[in-house]
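Undergrad: Here is my input; please provide its structure:
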Amino acid sequence: MSLHLSVKSLTVGIKRLQATARKGSRHCPHCREERYHSSWLDPLKPSPRPEDLITVKCEFCHTEYVSNMAGMPEYEREIYRLLYSITLEDLYRDPKAHATFLWIRHWASAKRKRAARRAPPGDTANERIKLDSGTRRRIDKLSVESANLFTKKHRMLKSKYGGIPFPEHQDLVNEVRSQAKGKWGSPSPAGVEELEDERIAHLICAALEKIIWGEMRSDTQSAIERIEREIEELIKEVKVRKSASAEHLQNLTYYNQHGEPVDLSSLPIF
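TA: Next up, the predicted model:
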């Protein structure tokens with residue numbers, strides 16, 4: 001074999017290895033998508049404090065980048081430290097890692113539900129974040145490519161470890177949801193269902209926390225108690241409105257039947 005062919009063969013082999021390890025380009029689709037979502041530091045912004053930074057390593061292309069947690073409360077920082085410390089393989093071999101992954105998913109769901117209720121009418125994430133069509137297409141393309149990376153990795157890990165990891169954790173989630181659903185009756189007053197969904201997400205987190213930390217976190221307990229108070233107050237408010245409406249109707253009916261004057265100033269206005 002000539003030297004030229006040997007070098008060419010070696011070059012092809014190196015490129016094949018790079019493609020397999022996803023190092024052929026500077027960053028994999030997952031990292032590039034994360035960059036679009038501002039998880040990498042913006043060099044034009046003021047330098048953050050060292051305690052606000054956390055180094056993250058991509059398990060696909062092994063890129064190391066820095067995530068800025070400035071402005072996050074401490075409990076959210078702890079959540080992201082946990083998230084960044086878990087690999088996909090950990091989910092299949094470590095029950096605490098798998099419970100943590102489920103916990104983060106339900107915690108994020110509760111957070112989104114609360115933000116959606118507090119958002120002004122008609123306000124959506126797409127309306128708040130203005131992107132040109134070209135950037136949106138690039139992000140959508142990277143999102144699909146990133147999802148494919150995760151799908152392939154999960155397929156490989158399921159083959160290696162034998163299917164869905166720790167099915168008892170999903171059984172626990174289903175049990176908590178089943179026991180908690182419908183506590184305030186059905187059909188529930190308007191607005192209660194959304195609060196109840198948020199409460200259930202926190203109850204699931206509480207159950208998973210016993211696997212991860214051995215006990216329920218205080219902020220989870222506080223969130224559950226806060227939501228239950230909000231539900232009770234909303235139900236009470238609905239009952240007061242219904243009672244006032246019934247009294248209003250009763251007074252009008254009496255007036256129509258007897259033709260006697262009624263103190264209209266005492267009637268509620270709807």
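Undergrad: Quick check: buried residues in whichever strand or helix holds Arg105?
TA: Using DSSP states H and E, Arg105 falls within helix 95-118. For helix 95-118, the neighbour count (16 or more other CB atoms under 10 Å) marks 96-104, 106-107, 109-110, 113-114 as buried. The way it works is simple: take the backbone N, C-alpha and C, and place the C-beta from them, glycine included.
Undergrad: That helix - what's its average pLDDT?
TA: The average pLDDT within helix 95-118 is 90.
Undergrad: can you give me the helices for this structure?
TA: 3-21, 29-36, 74-85, 90-93, 95-118, 125-128, 133-161, 167-180, 192-212, 218-258 (DSSP state H).
Undergrad: Quick check: the gap between His154 and Phe60.
TA: 13 Å (CB to CB, to the nearest Å).
Undergrad: For these two, indicate the residue with more neighbours.
TA: Phe60 (19 against 15; other CB atoms under 10 Å).
Undergrad: Quick check: chain neighbours aside, which residue is closest to Glu59?
TA: Thr87 (5.3 Å; CB to CB, 6 or more residues apart in numbering).
Undergrad: got it, and Ala180?
TA: Once flanking residues are discounted, Ala180 sits nearest to Ile200: 4.8 Å by CB to CB, 6+ apart.
Undergrad: My read is that that neighbour contacts Gly182, right?
TA: No - applying CB atoms under 8 Å as the test, Ile200 and Gly182 come out as separate, 10.4 Å apart.
Undergrad: Look at those two and report which has more neighbours.
TA: Remark: of Ile200 and Gly182, Ile200 carries more neighbours, 24 against 12, as counted by other CB under 10 Å.
Undergrad: got a list of what that one touches?
TA: For Ile200, the contacting residues are Val176, Arg177, Ala180, Lys181, by CB atoms under 8 Å, 6 or more residues apart in numbering.
Undergrad: Which pLDDT value goes with the second one?
TA: Just to be clear, that refers to Arg177. 93.
Undergrad: any idea how far Arg105 is from Pro167?
TA: 16 Å.
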